[in-house]
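Colleague: coordinates for the following, if possible.
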Amino acid sequence: MQVLLVDDERELISTLSERLSFRGIASDWVTSGEGAIDNIKEKQYDIAVLDIKMPGLSGIELAKKIRDIKPDMKIIFVTGHGSAADFEAGSVQSGEDYYLAKPLNIDLLIEKMQEVLK
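Modeller: Below is the predicted model:
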């Protein structure tokens, strides 16, 4: 499994990448939507884990661009803002996408990653 982590919180995303590595999951991380697009064009990823609220491209805008470039790539959204009900009510239109709230539970994240790849 190859994962791209995108979050503007550098410490959080680097720690998450490290924790995934300890579990045997390869990941790269970037701190912007623009950086994510560059990585996605250059490398093959199975899953993108996207923060919804970021400066520049939001996670939702980034997801739309990812779908244009790699339509089969799975996406998991994470945010520290709002509730799951708020998010699901209007932000995501695809049944392939998942929403997780921060702070992230690493076991739950890995479980969701495995689910979307089935």
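Colleague: so residue 2 makes contact with residue 44?
Modeller: Yes: if you go by C-beta atoms under 8 Å, residue 2 and residue 44 touch, sitting 6.4 Å apart. (C-beta placed from N, C-alpha, C; glycine too.)
Colleague: who's more crowded, those two?
Modeller: Applying other C-beta atoms under 10 Å to residue 2 and residue 44 shows that residue 2 carries more neighbours, namely 12 against 9.
Colleague: what sits against the more buried one?
Modeller: Residue 2 sits next to 26-27, 43-47 when contact means C-beta atoms under 8 Å, 6 or more residues apart in numbering.
Colleague: cutoff 6 Å now
Modeller: 26, 45-46 (C-beta atoms under 6 Å, 6 or more residues apart in numbering).
Colleague: next: residue 52.
Modeller: So residue 52 contacts 59, 77, 79 (C-beta under 6 Å, 6+ apart).
Colleague: that one and residue 18, how far apart?
Modeller: Distance, residue 52 to residue 18, using C-beta to C-beta, to the nearest Å: 22 Å.
Colleague: ignoring the adjacent residues along the chain, who's closest to residue 45?
Modeller: Of all residues not flanking residue 45 in the chain, residue 4 sits nearest, at 4.5 Å (C-beta to C-beta, 6 or more residues apart in numbering).
Colleague: is that neighbour in a helix, a strand, or coil?
Modeller: strand (DSSP: H, G, I helix; E, B strand; the rest coil).
Colleague: list the contacts for it?
Modeller: Shown in contact with residue 4 (C-beta under 6 Å, 6+ apart): 28, 39, 45, 48.
Colleague: kindly recompute the last result at 8 Å.
Modeller: Contacts of residue 4 (C-beta under 8 Å, 6+ apart): 27-30, 36, 39-40, 43, 45, 47-49.
Colleague: can you put the residues you listed in JSON lines and add distance to residue 12 and pLDDT?
Modeller: Putting those into JSON lines (distance: C-beta to C-beta, whole Å; pLDDT from 0 to 100) gives the following:
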{"residue": "27", "distance to residue 12": "13", "pLDDT": "97"}
{"residue": "28", "distance to residue 12": "15", "pLDDT": "98"}
{"residue": "29", "distance to residue 12": "10", "pLDDT": "97"}
{"residue": "30", "distance to residue 12": "13", "pLDDT": "98"}
{"residue": "36", "distance to residue 12": "15", "pLDDT": "97"}
{"residue": "39", "distance to residue 12": "18", "pLDDT": "97"}
{"residue": "40", "distance to residue 12": "20", "pLDDT": "97"}
{"residue": "43", "distance to residue 12": "22", "pLDDT": "96"}
{"residue": "45", "distance to residue 12": "19", "pLDDT": "97"}
{"residue": "47", "distance to residue 12": "17", "pLDDT": "96"}
{"residue": "48", "distance to residue 12": "16", "pLDDT": "96"}
{"residue": "49", "distance to residue 12": "11", "pLDDT": "96"}
